[in-house]
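Student: Sequence unavailable; structure follows:
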């Protein structure tokens, strides 16, 4: 975090955000209004309330964003070293978050399938890859009208480009992969496996085509 002309260094702001996220995670606005006042972070950081000014907290996140990819790689290696994690199983899912306002300055805010039952509002789609332990390996904030089925190919490539190709098992809802995408994942050179829910009729068809089926609702490869 390079120093600038600000009264408070960005490093101290980042330290405040990290400690808050570890001890009592909440919104940046809650950190600004309540948590900082009730903590001893002013003494630990040797600064005053200026470090928790709300706009400064938001601007610090903007500065960290450009380092997102490097941070993911570094944190993944730390996680592996500390807990001997192997990252063989990845959980992939999407969600959305909506806005009440006009969002005129956010080109990604669009109307789409609303998981919050608010089709009248503009929204964003958020895609996330995590391990079964909850460790995030990648995320993306996408246009609000993004279809789930159009996202998987990009995330497969992102994980392979960032962490290398390996024998991984992807676990996801049936609305995410298309038939064509599953066919790509079954290519021998990819060494990619998956667990995905499917209707019973499709599972019978998949069994005939050589897929391994477990029970009535899940197809695995």
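Tutor: Alright, I've got the coordinates. This one's a predicted model, so the numbers in the text were calculated from it and none came from an experiment. Numbering: from 1, shown residues only.

Student: which stretches of this structure form helices?
Tutor: 10-23, 28-30, 36-38, 41-45, 54-65, 68-83, 152-163, 179-185, 200-208 (DSSP state H).

Student: Switch those helices over to a markdown table; also include mean pLDDT and mean neighbour count.
Tutor: C-beta coordinates here come from the backbone N, C-alpha and C atoms, glycine included. Shown next, in a markdown table, are those (pLDDT from 0 to 100; neighbours: other CB atoms under 10 Å):
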| stretch | mean pLDDT | mean neighbour count |
| --- | --- | --- |
| helix 10-23 | 95 | 16 |
| helix 28-30 | 96 | 14 |
| helix 36-38 | 95 | 13 |
| helix 41-45 | 95 | 15 |
| helix 54-65 | 92 | 14 |
| helix 68-83 | 91 | 12 |
| helix 152-163 | 90 | 16 |
| helix 179-185 | 89 | 14 |
| helix 200-208 | 51 | 13 |
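
Student: What strands line up against whichever strand in the chain runs longest, and which way round?
Tutor: Counting residues, the longest strand found in the chain (DSSP state E) is strand 89-99. Strand pairing for strand 89-99, using DSSP bridges, gives strand 122-130 (antiparallel), strand 168-172 (parallel).

Student: circling back: quick one: closest of the helices of the chain to residue 105.
Tutor: When the helices of the chain are compared by CB to CB, helix 54-65 sits nearest residue 105, at 13.8 Å.

Student: between that closest one and helix 10-23, how many degrees?
Tutor: In terms of direction (axes from the mean of the first three to the mean of the last three CA atoms, to 10 degrees), helix 54-65 departs from helix 10-23 by 90 degrees.

Student: Identify all contacting residues around helix 54-65.
Tutor: The contact list for helix 54-65 (CB atoms under 8 Å, 6 or more residues apart in numbering) reads 1, 6, 8, 10, 13-14, 16-17, 28-29, 31-33, 50, 71.

Student: switch the cut-off to 7 Å
Tutor: Residues from elsewhere that reach helix 54-65, judged by CB atoms under 7 Å, 6 or more residues apart in numbering: 1, 8, 10, 13-14, 17, 28-29, 31-32.

Student: Show me how far it is from its chain's centre.
Tutor: 18 Å (CA atoms, centre = their mean, to the nearest Å).

Student: swap in stretch 46-54?
Tutor: On CA atoms, centre = their mean, the centre of stretch 46-54 falls 29 Å from the chain's centre.
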